[in-house]
Every structure is written in structure tokens, then in C-alpha cells.
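1. need a structure here:
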Amino acid sequence: MRLNTIDIVILLVYFAAMVAVGIYVTRRASRNLDSYFLGGKEMPWWLLGISNASAMWDVTGTMWFVYILFTYGMKAVFLPWLWPTFNQIFEAIYLSRWVRSSNARTGAEWITTRFGAGRGGELSKAVIVVFALINVVGFVSYNFQGMGKFCEVFLDPFFKETFGIDPTPAAYAITIMTVTAVYVVLGGMLSVVLTDFTQFILMVISGFVIGGIALASVPAGAHLGVVPADWSNIFFGWDIALDWSRTLPALNAKIASDGYTPIFSLFFLVMFSKGVAVSLAGVAPNYDMQRVLAAKTPKEASLMSAIVSVCLVPRWVMIGGITLLGLVYVTPELNKMGKDIDFELVLPLVINRFLPAGLTGILLAGLMSSFMASFSATVNAGAAYLVNDLYKNYLHPSASNRTLIFASYLGSALILAAGIVIGGYVSSITEITLWIVAGLYGGYTASNVLKWYWWRLNGYGYFWGMLIGIVAAMLLPVVKKQFALEFNDVYAFPVIVFCSFIGCVAGSLLTAPVEAETLKSFYRSVRPWGFWKPVYEMIKADDAGVEPNRDMARDLSNCAVGIVWQLMLVTIPLYVIFRNLTAVLICGGILVATSVFLKIRWYNHLASDATIADASRSSRAAAANFVG
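-> Modelled structure (predicted):
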């Protein structure tokens, strides 16, 4: 398909507008690091929530979700738990409040409030910075893969016919990343959030347009003649039992290579357990944590996390619409490709075929904006760790604001370059996705679960647990290649977590505990539940009126109900697109019931801003003492 002139104009105007925003807010963002990386902590929670959702609505992830829904049917609604998507529920219920109470600027700075400023604290800060940078570079590589494939489908005909050139997918990705980096580098967090908001509006419009086209173009039930039996059933037994031999035989081989079968129930159990463990570990040191720390108060941090799932409903409308159009109209085209089908191209193929001139440009701007939102948030978060936790702390402690902002520009460029180089060696979106969610987060989980719920974990234990986990994650693809092992990376997660756990416990018990005053300050400000009795007893000796946190049962039950609530926000738009009225009514009833439950058991119990502000002030004073 050759893009119409109006489509090209729309794309160029959009890119120019985004760069203009970055230039416009440069002066305000350059006041200090809080302004550059956290927007001065002045932005409303709903805007931060939309920005967070926009960053998660990336084109690479959308292409992958379309592929899994196309292939696995309604059972695919569980596969986003690989990340896991329900970590937003744990954050909304209690973890965002715990994190925001620190008043830190980055995850590494937050670590100081838990482990102090001694050698153990410094080691724990260093290792979380290393993890954060590996994580950020991994996500840049992930975005590199998706954007290259996406642009190739749409822009190749234009460049061949107009200029007689045939750019590679890598060339497209590098160009778009460079344009995006301009407004990220110039405007920092403020430009990221403002452009995220614009991009979110575009994506919402695009999502409902695609959903409407699918409903108008595809007769009710037409997809049922293409898909295998049980495709529409959300439930599964020992295995998913989907046979594509009749309509698209190549998918059977793809299902086998994905590694979710032949025992899907076992895979589901490991995936869900992994998701709960990662969620208990709290906010990962990426753009998600940056928005939590940028919230005005801990209560607003919770509300910000809660709204993310609601904001992503239009994304599922888009995914359902593209999948429906692909099943009915693109399946014959895929069959003609033979065995070498790249099913991750279903999304661009559908858009290429069904949208008219003008609307294609708007939708392409929307989808490219989803990439830009995710990419820009990732780069900005990574630069925060490079500058705030490495350059400022160790290389140039007395640097002026101007020097630090310039260092932020350079840090963003370094992250971009590293992600592009690594992205060139990755063969598919699924490959990098599984390594990030299974391997890398396996190394993160044990240390970060224990830091919340076990008082005895110290900086040395945190360091060794994280280091062992990161090394194990980095070795995972090497070991698989060296020994020609064929298994889904998710199955490596328990092994990596176990090794990391041993490092945490051994490193902590073989060294002295964290200083009592540090633990007492952390407990007073965050008020975690878990194995904190010795610290509570120390505080009670000084203040007989102090009470322990008894909210564990309520928080965890709210998380369980919240997972169901979030799942309904995924299934309802999909069932609407597939015109399953019975399922829509059932899921709608469950959504209402879970919403009422959470209103009573969660929202009504959120601490007032005044109460939490006191805790935040206490934590700020403690953090200032630690940092010196």
C-alpha cells in the first residue's frame, strides 16, 4: 500500500508538534533534577495515570497482543500476566503508597531509606542502578524490534516509489527513535507526560475507530468459521486444545514453538505464581516507578496506579478489532505465505488493508505515538538513574543544575545507542519479551519481595540476591543456545528466584543487620506489614501508643478481587467486538460487583492526604540524613 499524500502530511505534522513540545518546555524542565525527571511533583494523579497507560500502550506490545489473541483466542487474556499486568493492582492497593512515602527521586535513592547510607546501602544502590539500566536498555531493544517491523509494512512502498530506496526495518526504528529522543532529551519528564497525554487521545480515537470498522465490516459470527473449536472459550483444561489444521496449519507449529503447550495448565500455574511474586516485589525501577515518585502525595500515587487499567480499555477495543478483521479477511493472505509466516505482522497488515487515506495517517500517528510514549518514558527513566545515582553521587557531587541537565542529555543518548545495538541482535518480539519478563525479572524478585516484608534483609543481602539473579538472567540465553535447550523462559523463573533468594538470606545473615534507627525510621514512614515484629518492639519501647499495620489480610484480599476486576476490563471490550452478548452481561455483572467491593474495602480506607503527608515529611528528613 502506498501512503496517500495526506497521510504523510499528518505524520510529519505530528512529529513536528511533538518535537515542538519538547523545545517549548525545555526552560521549565531545566530548573533542577526534580523538574527534569519528576515534573516538579506538581502534576495531577489522573494526568500521570494517563501518561503511565500511554507508555504501556506501545506498538510492540500491541502487535504481540494481537498475535496471541489471533492464535489462542479468549484464553489469550491470561497471557499478559507474563509481565504481569496485574502488578498495577498491587501498586494501587498498597505498594504505590509505600513507595511514594519516601519522597525519593529514583528507585536507587529510595533504597537508601531502607538500608541506610553505609557500605551495604551503597552496594544495594549500585546493584539496583545496574538492574534498572539493563531493564531500560532491554525495553529500548523491545521497542526497536516492534517499530522496525511496523514501519516496514507501511513505509516501504512510499520510499521505493518516491525515492527509489528500500530502507531496512532497523533504519526505520533508528529514525523514529532519534526523533523521539529529541523531545525527551530537551523537555524531560514534563514533555514526556504532556506528549503522552496527546498520544493517548490519538490512541483512544484510533482504538474506537478500528473497533467500529471491525463491527461494521465483519458479519456477526463470521470469525467462527475460521477459528478452531474452543477458540472463544476463556476456560481451559490440562491443555488449550486448539487445532488450526483446517484453516491456518502454520499456526500449529507456531503454537508449539511458543512453549506454552503441551501442558498449558502447568505453564499457567508457573506464570501466575511468577506474576504474584513480581507484584509483591513492588514497582520496578522504570517509567512506572518514576510516575509513582512524581505524584503529589502517596494517596495520589495509589489513585494514579488504579486508573491505568481503566485507561487501557480502548487498547483492548483496538486489539479485538484488529484480530477480528485479521481472522476473517487476512487469514487467506497469511496462508499464501507458506511456512515462513511472521504472525506478529497481523496488526500492520490489517491496517494496511482496511483504512482509507487520511484515516490511515491519523491511525499511524496514533500507533507511532504509542511507541514514542513507551520509548520516551523508558529513556527518561533510564537517564534518571545514570545521572542522579551514578554521575551525581560518584563522579561529580557538586555539579551545577546546568551540568546535571547536560549530563541527562548525554545519558539519554547513551541509552538509545545501547538499546539499538542490542535490538539488532534480537530475532523477534516474543524472544525479547520472554527474556525481560521471565529471566530479568526473576533476578529482581527475591531481593525486592524481602525488602518489604522481612526486617532482617540488609544491603549486603539485597546486593548479593540481585547480583546472582542478574547474572543468572544474563546467562539464560547463553545456556539455552550452548546446550540447544528448547523451553519457555518462564520455566527458568523459579530457578533464578531460588538462587537469588539463597543469596539474599546468606548475604543478610552473614553480616550485621541494618542500623536500628534506619529500620525504625523506615517502619514509621512506610508502615509495612510482614515480618517486622523486632522493629515494631523497638519502636513500641519508645512510643507505647504505636500500633502495627494489621491491613495485610485486607490488602491481599483486595488484590485478589482487583485482579478479577482488571481481567473484566480486558474481556468485556473483546466480547463486545466478537458480539458475545451473554459473556458481556456476565463479565459486566462481575465488573460491577468487584467495583463495589473495592470501593468499600479499598477506596474508603485510603489514608487521608494529611495523614500521609506527615509520614512523607518524616521520611524526607530521614532520607536527607542518610544522603548527608
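
2. Please make it C-alpha for all contacts and neighbour counts, starting now.
-> OK.

3. give the contact list for Arg100.
-> Listed by C-alpha atoms under 8 Å, 6 or more residues apart in numbering, the contact set of Arg100 reads 292-293, 295, 297-298, 301, 616.

4. Please disregard the earlier target; I meant Val584.
-> Val584 neighbours (C-alpha under 8 Å, 6+ apart): 571-572, 575-576.

5. repeat that for 10 Å
-> 568, 571-576, 578, 590 (C-alpha atoms under 10 Å, 6 or more residues apart in numbering).

6. min pLDDT across the contacts of Arg100, which one?
-> Least confident by pLDDT among those: that is Ser616, with 41.

7. Leu303: neighbouring residues, count only.
-> 23 (other C-alpha atoms under 10 Å).

8. Which element, helix or strand, includes it?
-> Counting by DSSP states H and E, the element that carries Leu303 is helix 298-311.

9. And that helix, what's buried?
-> For helix 298-311, burial by neighbour count (16 or more other C-alpha atoms under 10 Å) applies to 298-309, 311.

10. Report how many residues lie close to Leu155.
-> For Leu155, using other C-alpha under 10 Å, the count is 18.

11. Hmm, I typed the wrong one, I wanted Thr403.
-> Around Thr403 there are 13 residues (other C-alpha under 10 Å).

12. thought it was touching His396?
-> Yes: using C-alpha atoms under 10 Å, Thr403 makes contact with His396 at a distance of 9.4 Å.

13. rewinding a little: now render the contacts of Arg100 as TSV, adding distance to Ser101.
-> Output for the contacts of Arg100, formatted as TSV (distance: C-alpha to C-alpha, whole Å):
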residue	distance to Ser101
Val292	10
Leu293	9
Ala295	10
Thr297	8
Pro298	6
Ala301	10
Ser616	5
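
14. Among the residues you listed, find me the one that's closest to Trp529.
-> Ranked by distance to Trp529 (C-alpha to C-alpha), these are led by Pro298 at 16.8 Å.

15. Check the gap between that closest one and Glu517 for me.
-> Noted for Pro298: a distance of 23 Å to Glu517, by C-alpha to C-alpha, to the nearest Å.

16. Then Ala108?
-> In terms of C-alpha to C-alpha, Ala108 sits 20 Å off from Glu517.

17. Between the two, which has more neighbouring residues?
-> Higher neighbour count among Ala108 and Glu517: Ala108, with 25 against 14, using other C-alpha under 10 Å.

18. residue contacts, the nearest residue to that one once chain neighbours are set aside?
-> Counting by C-alpha to C-alpha, 6 or more residues apart in numbering, Ala108 lies nearest to Lys125, which is 4.9 Å off, once chain neighbours are set aside. By C-alpha under 10 Å, 6+ apart, Lys125 lies in contact with 107-112, 115-117, 119, 389-390, 459, 462-463.

19. Against Leu293, how distant is Lys125?
-> Distance, Lys125 to Leu293, by C-alpha to C-alpha: 17 Å.

20. Likewise for Leu327?
-> For Leu327 relative to Leu293 (C-alpha to C-alpha), the value is 42 Å.

21. So between those two, which is more surrounded?
-> Leu293 (27 against 22).

22. so that one sits right up against Asn103, yeah?
-> Yes: counting by C-alpha under 10 Å, Leu293 does reach Asn103; the two are 6.7 Å apart.

23. Retrieve the pLDDT associated with Ile23.
-> Ile23 is given a pLDDT of 67.

24. Likewise for Ile255?
-> Per-residue confidence (pLDDT) for Ile255: 86.

25. For it, grab the count of nearby residues.
-> 18.

26. Quick check: phi and psi at the nearest residue to Ala241 once chain neighbours are set aside.
-> Of all residues not flanking Ala241 in the chain, Asp230 sits nearest, at 7.7 Å (C-alpha to C-alpha, 6+ apart). Note on Asp230: its backbone torsions stand at phi 80, psi 0 [degrees, to the nearest 10].

27. And the pLDDT for Asp230?
-> 90.

28. Can you tell me how far it is from Leu248?
-> In this structure, Asp230 and Leu248 are 16 Å apart, going by C-alpha to C-alpha.

29. What of Ile176?
-> Going from Ile176 to Leu248 by C-alpha to C-alpha gives 34 Å.
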